[in-house]
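**Student:** quick one: sequence plus predicted model below, questions after.
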Amino acid sequence: MKEMKEPDLISIIWSYLRKQKNGVSLTEIYEMVEELGFSSREASLALETLHRLYLIEYDNDYQGKVVVKKRSIFNNALESFPCLSCEHLYECYVGGSLYAPEKCPYLDYWFRQFRYHKVKIPMIKG
């Protein structure tokens, strides 16, 4: 029987933020991850990763507290992006023998949604 992996902290925080409409205070995120047994250092690294991926932004609420919000990217197309919640995210790479984006049925389905609905995904020029 295949052993189920625990979700990583990046996926946990991302899933939590996806459910929030107005963002979450930074304090609330740290409290949540510590209740799950993660350290504040691990939370900081996960948040830094999400920020570098341009998936979250930091803001201040009316009381001056730091709030973490998910960004609206490609008209929220990333809302259902399967890779962010995949347990094989760190094992998956192009040309991979076991896990590869070009073999992934979930990623294929996600792309087919855009073709079916004729949604244009804008290109980011760097």
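**Tutor:** Sure thing, it's come through. Residues are numbered from 1 along each chain as shown.

**Student:** can you show me the CA trace of stretch 60-68 as CSV?
**Tutor:** This file holds the C-alpha atoms of stretch 60-68, laid out as CSV (Å, rounded to 0.1, in the frame of the first residue of the first chain):
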residue,chain,number,x,y,z
ASN,A,60,-1.7,46.6,5.9
ASP,A,61,-5.2,46.5,7.2
TYR,A,62,-7.0,49.5,8.8
GLN,A,63,-5.3,48.7,12.2
GLY,A,64,-1.8,48.7,10.6
LYS,A,65,-1.4,44.9,10.9
VAL,A,66,0.4,43.1,8.1
VAL,A,67,-2.1,41.1,6.0
VAL,A,68,-1.1,38.4,3.5
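
**Student:** output the below-cut-off pLDDT ranges for this protein.
**Tutor:** 1-7, 73-79, 114-126 (pLDDT under 70).

**Student:** next one: the closest residue to D61 other than its chain neighbours from N60, what distance?
**Tutor:** Nearest residue to D61, sequence neighbours excluded (C-beta to C-beta, 6 or more residues apart in numbering): V67, at 5.0 Å. Placement of C-beta: from N, CA and C, glycine included. Distance, V67 to N60, using C-beta to C-beta, to the nearest Å: 7 Å.
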